[in-house]
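Undergrad: model this:
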Amino acid sequence: MSEAAEEKAPAVPAAPAGIPIKMVIIIVGAVLLLALGGAFAMMKMMGRSSAEKAPAEGGAEKAAAHGEAEAKGGEHGAVADASAIADLDPFIVNLADSPEIRYLKVTLKVETDNSATVEQIKARTPQIRDAILVLLTSLDSATARSPQGKHKLRDDITDRINGLLPKKSVKSTYFTEFVIQ
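TA: Numbering: from 1, shown residues only. Predicted coordinates for the structure are as follows:
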């Protein structure tokens, strides 16, 4: 009887001749682990490279000095123009909307002809901030939201700053932050 039982029992399929299942699982796990590690390393490098691009506190002064040196040398005039940019502290004002209270936060950068004008802007910061604050508080939110209103505001700010400086050496004003709440 034992011979008959052995004959009727289905034969257990033999493992495929090749790589065992445990080895396949280990290989797939290792590949996934390497892929996740590589993705994590890439994200860390990308995050670090964008942080390195942001200039340090003294970086703007070094860039302005670098641009001035290039302008004196007569080479790379476009780089010298790009380095003469003054940063202004953020402005937070109430807009002139009557029934509602709305706030505007604006951060500006001012492009000038040369780095000497940047120093003049720093020296006249209180007057420049006052002129810009008066202009910003006269805006309503509808004007500030429209593209035409923003272009006009940019031109008005440039004109007001030029009016406070000995010569009109401000080329343009740039909004780096513009939030209405």
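
Undergrad: Make sure I have this right: R129 is in a strand.
TA: No - assessed with DSSP: H, G, I helix; E, B strand; the rest coil, R129 is helix; it does not lie in a strand.

Undergrad: measure it to I92 for me?
TA: 12 Å (CB to CB, to the nearest Å). C-beta here means a position set from N, CA and C on the backbone, and glycine is covered the same way.

Undergrad: again with S146
TA: As for S146, its distance to I92 is 21 Å (criterion: CB to CB).

Undergrad: Next: Y174.
TA: For Y174 relative to I92 (CB to CB), the value is 18 Å.

Undergrad: Just the CA coordinates for the helix or strand hosting K171, please, in CSV.
TA: Per DSSP states H and E: K171 is located in strand 170-180. Extracted in CSV, the C-alpha atoms of strand 170-180 (Å, rounded to 0.1, in the frame of the first residue of the first chain):
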residue,chain,number,x,y,z
VAL,A,170,18.0,104.7,-11.3
LYS,A,171,17.2,102.6,-14.4
SER,A,172,14.4,100.5,-13.1
THR,A,173,12.7,99.1,-10.0
TYR,A,174,11.9,95.4,-9.6
PHE,A,175,9.3,93.8,-7.4
THR,A,176,10.8,90.7,-5.8
GLU,A,177,7.7,90.2,-3.5
PHE,A,178,4.2,91.5,-4.1
VAL,A,179,1.4,90.2,-1.7
ILE,A,180,-2.0,91.7,-1.2
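
Undergrad: what helices or strands is that strand leaning on?
TA: In terms of contacts (3 or more CB pairs under 8 Å, 6 or more residues apart in numbering; DSSP states H and E), strand 170-180 is packed against strand 103-112, helix 141-145, helix 147-164.

Undergrad: and if we set it to 10 Å?
TA: Contacts defined by 3 or more CB pairs under 10 Å, 6 or more residues apart in numbering; DSSP states H and E place strand 170-180 against strand 85-87, strand 103-112, helix 115-123, helix 141-145, helix 147-164.
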